[in-house]
Structures are given as structure tokens and as C-alpha cells.
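Asker: what follows is a predicted protein model with its sequence.
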Amino acid sequence: MGDALAAGLVEDDGEVHAGGWSRVGEPRVSIAAGFPAGGRVGAIREETRVLGSGQQAASVQMSDERSTGRGAPVVAGTPGVRAFRERAETRHDRQARIAWWDQERLRRARIVVAGAGALGNETLKLLALLGVGSILIVDFDVVSPSNLARTVLFRPHDVGASKALLAAERTREIDPALRVAAIDGDIGRDLGLGALRRADLALAGLDSVNARWALNRRCRLAGVPWLDGGIAAVEGQVTRYDPAVGPCYECTFTPGMARRFTARHSCTGLVRRVPERAVPTTAIGASLIAALQAHEALCLLHDRSEGLRPGQRLTYLLDAHRAFVDDLPADPDCAAHVPPAMPSRTLPDDPRTLTPAALVAAVLPDRSASVHLGFDLVEGFACPACGVFDPVCRPAALVFEDAARCRGCGAEREVRRAPAIGADSPAWERPLADLGVADCEILWVADEIGGGMWVEIGGRDPWPNADGDDT
Ligand SMILES: [Zn+2]
Ligand SMILES: [Zn+2]
């Protein structure tokens, strides 16, 4: 387009009925088809929006072929027709002109962005530009030097700072009208299901099989669809998962993914120290896949059938300039296919004070019930040589395998690990937050005869402006 000016004529109803292009400095525009026959509009001199390089707005003469040049008096020959002038326009004016666009729907949308690295940065940039009203960023990592070549939101002096908190701050700068919050924590444990289920969808820019596995499990329980993004050197993928229909991420596990998944766990379920697997990527791949992911998010929010269907994966090959979509198969025996956690009770109590004992007393007082945390808790280590039990009461995902060695005698201690906390557990009287339970979590309280109920607890709502106008 170069230095071309765009000009057009609009009716009062906003319809463009004529338009044309002109070079900068050349006020004449050609009148396009649709203009009333004979071009009786004459010359209209108006402040006209200029879509060109180096120019913001210029006073241009719009005329038919017979009119005079710049500076001529305004003679509007056709009632109701005026120049396409610079009107009081909104930030989202251009995208709102798309036929199916619903800016208000985007303003009301709540999106969880899991991972604020290369892909997450690009996704956040786009969500902010698009005007997605509420964004919750979850990442436990800090900015590293290698992030700087792929993350538009981070600066050299940010190295060492929380990715999630910084990304939230910088995303807010793009559009201060947006509500952006962050959790400097783990997507599998630190975003309560009660908060996650208030999201329209989650967008993943994660770098490990384990993190995707955890998000998949959480989204299925919360009943929230998610779009997984993945990037490699010159290719990338976007996959749509819907907890209500189709395969889930776990259905797609290949032997290689299963190996990478288990490599991070010892046989006793503790964390094994494995070197970070650095995948070759560039900002180009991140930008491309984030754009495709954001587009799929738009399709989903607008209920458009044009996007990926649940269980479909889009692969883009940069070198080959080729994109294709495949349907992923569902595994009927997949362990992740559980009904959503629909709470039948809500307790406003904060996990910083609520204990498993108090929770059971509140909801199933006459039963010997137990509280399922949603993850395995290491209750403690028992040393067979010293005969000492050392209580730990932390999520197994946070306990490294070398902690099992006895500091007294050096023997390998027995790990006491449990998914549920009963009256006989050392964690029974400890606050749920100390055990690793998130704010707004939904917990399964099981009775002794195989029944139970989902209970949503309180705490700090991680969504920004929780009592805003859009719920
Ligand atoms: Zn599955
Ligand atoms: Zn010992």
C-alpha cells in the first residue's frame, strides 16, 4: 500500500458506498463502484483517516473526476453522504467490523493461560490486543536469559523474576482496561478447581509432558476445555481438548511421552532430579502457534463451527508451508476420563485455617470420613533402622527422592504416601494450605461405605475483580 491514502464515503448508517485510493499529496481519489451514477457528490473536504505509512491523518479532498483539487470549498452534493472521516472510534473498532465478532463476549471471557514462556508471552499479547476481559496466568518459573529471545513481555533486567507476575504486569500495560492476575505456582496444584471451573477455557504453553498431564486432569475435573500449544524448531501444533467429548491429552500418550512422564518420578513416587529438556525453538514458532491458538480460542468463545473440533490437532510445518489437521483417537480405558467435580457443598472456610478434621466435621459429621487432596501427600518417612517416624505432610510432587535417606543412620527410609487424609493421618489436624491445597479447591470427602461428596472450599479468589460486573 505504501504511501496510499484510503478514503471512502459512508452513508449515515455507516455503510461504505464508495471509496478509493490516492497517493499522499494527491488529493484526487477514484470513486469506486457503488457510488451514485454521475458522481454528483462534488468535492467534499474532510479530515479523512489515512491508512498509510508515515501519515496519521490528513485533510484530503475527495472528489469525483471533475472536481477541483485540495482546498476547494466543500460542496456536498448528495444528502446523507459524507466523507469517511476520523470518527470517535473505539480501540477494537477494526476487529469489531468482522461479521461474527462479539467484542462484549470477549470482554466477559475468562481465560487461564498456563505457562508464561515463549508461547504464553505471545498468547498473552494477543489476548490483550483482542480485548479478552479476564486473564489468569499460572507459571511457577522465573525469567531466564534464554527466554529473552522469545518473550516480548520480558526485558533483560527481568531475569530471575517470576514469569507469571511480570507477564501479568506487562499484559495490563497493553490494555489497562483488562483484568489480569497471576499465580506464581504450579498449574497442577496451585489453581483450585473452583477457580478453574469459572474459566471459559485454558490455553497451554507448557514445556513438559507432566505439566500437560496435570492440566488435562484438572480441566477434565473442572469441565473446562483447553487448547494445547506446542512448538519445535520449524513446526508447531495446536490441539483442542474438551472434557465433555472426544479424546483427552492422556489418551494421546505415546511410549516416548510415558517415558518422559515417569522419568520425573522415583518408584516411591517422589521427585527425581532430571536435567531440563531444552527444545530448539524460536520466537517465530511461538508467534505462529500462539496466533493459531488465539484464533481457535476466538472460535470457541464465539461458538463458531469453523475452528478445530474437540480431539483435533492442527500441525503447521513452517519449512514446507503446510498445515494439516488430524483426529486424535480416544482411549476407552483412559484413566483421566472421570466425571467432573460438581460440588454439592460449599464451605467458605480458608484453607489456611481449615483442616481435614474440620472439613469432615462440617460436611459428614457422623461418619468416619477422609479427605482426598487430589494429589498424593507424603505423610512422612519411617526409618526401619532407627524406628523413628519423621512427619513431612507435603505433596509428593514437592519431595525429592534424596529426602528419603535417613539423616541419622543413612538408611533408605520407607515413604508413607497417601491420596486421602483420615483421622489416623499426621495431616488430619493440619491446615489444608500447609498440605499444599489451593484456594477455592474442590475436594472429595469420602465416607467409609464408598460414597462421598465434592466440597468447594473458600480462600482467596485468584481471578481479578472477583466481584466485578461480569459474573
Ligand atoms: Zn483420555
Ligand atoms: Zn535411620
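Answerer: Perfect, thanks for sending it. Ligands and ions are numbered 1, 2, ... in the order given.

Asker: show me where the chain has its helices.
Answerer: In the chain, the segments counted as helices under DSSP state H are 93-96, 103-108, 118-130, 163-174, 193-196, 209-222, 255-262, 283-301, 356-363, 432-435.

Asker: now do the first one, average pLDDT.
Answerer: If I follow you right, that is helix 93-96. Rounded to a whole number, the mean pLDDT of helix 93-96 is 94.

Asker: go on, the longest one?
Answerer: On average, the pLDDT along helix 283-301 is 97.

Asker: what's the angle between that helix and helix 118-130?
Answerer: If you take axes from the mean of the first three to the mean of the last three Cα atoms, to 10 degrees, helix 283-301 sits at 50 degrees to helix 118-130.

Asker: longest strand in the chain, please.
Answerer: Among all segments of the chain classified by DSSP state E, the strand with the greatest residue count is strand 370-382.

Asker: now for it, which elements pack on it?
Answerer: Taking 3 or more Cβ pairs under 8 Å, 6 or more residues apart in numbering; DSSP states H and E as contact, the helices and strands that strand 370-382 lies on are helix 356-363, strand 389-395, strand 414-421, helix 432-435, strand 442-446. All C-beta spots, glycine's among them, are computed from the backbone N, C-alpha and C.

Asker: that older thread, show me the one of the helices of the chain that comes nearest Pro332.
Answerer: Of all the helices of the chain, it is helix 209-222 that lies closest to Pro332, at 15.1 Å by Cβ to Cβ.

Asker: could you export that closest one as PDB, CA atoms only?
Answerer: In PDB, the C-alpha atoms belonging to helix 209-222 read as follows (Å, rounded to 0.1, in the frame of the first residue of the first chain):
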ATOM      1  CA  VAL A 209       4.500 -33.800  29.500                       C
ATOM      2  CA  ASN A 210       4.000 -33.700  33.300                       C
ATOM      3  CA  ALA A 211       2.600 -30.200  33.300                       C
ATOM      4  CA  ARG A 212       0.200 -31.000  30.400                       C
ATOM      5  CA  TRP A 213      -0.800 -34.200  32.100                       C
ATOM      6  CA  ALA A 214      -1.700 -32.200  35.200                       C
ATOM      7  CA  LEU A 215      -3.600 -29.500  33.300                       C
ATOM      8  CA  ASN A 216      -5.500 -32.200  31.400                       C
ATOM      9  CA  ARG A 217      -6.600 -33.900  34.600                       C
ATOM     10  CA  ARG A 218      -7.600 -30.600  36.200                       C
ATOM     11  CA  CYS A 219      -9.500 -29.400  33.200                       C
ATOM     12  CA  ARG A 220     -11.500 -32.700  33.000                       C
ATOM     13  CA  LEU A 221     -12.400 -32.400  36.600                       C
ATOM     14  CA  ALA A 222     -13.300 -28.700  36.200                       C
END
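
Asker: care to break the chain down by domain?
Answerer: The chain breaks down into these structural domains: 4-88, 103-327, 345-456 (assignment by automatic domain parsing).

Asker: so where is the stretch 1-150 of the chain shaky, pLDDT-wise?
Answerer: Counting by pLDDT under 70, the stretch 1-150 of the chain has low-confidence residues at 1-88.

Asker: state the distance from the spatially most central residue of the chain to ligand 2.
Answerer: Residue closest to the average C-alpha location in the chain (Cα atoms, centre = their mean): Val113, at 2.3 Å. Noted for Val113: a distance of 45 Å to ligand 2, by Cβ to the ion, to the nearest Å.

Asker: please name the residues that touch the closest residue to that residue other than its chain neighbours.
Answerer: Of all residues not flanking Val113 in the chain, Ile137 sits nearest, at 4.9 Å (Cβ to Cβ, 6 or more residues apart in numbering). Going by Cβ atoms under 8 Å, 6 or more residues apart in numbering, Ile137 touches 112-113, 116, 120, 124, 164, 167-168, 171, 180-183.

Asker: put together CSV for the residues you listed, with distance to ligand 1 on each row.
Answerer: Rendered in CSV, the data for the contacts of Ile137 read as follows (distance: Cβ to the ion, whole Å):
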residue, distance to ligand 1
Val112, 20
Val113, 23
Ala116, 26
Gly120, 24
Leu124, 28
Ala164, 28
Ala167, 30
Ala168, 31
Thr171, 32
Val180, 31
Ala181, 30
Ala182, 29
Ile183, 25
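
Asker: thank you kindly, that will do.
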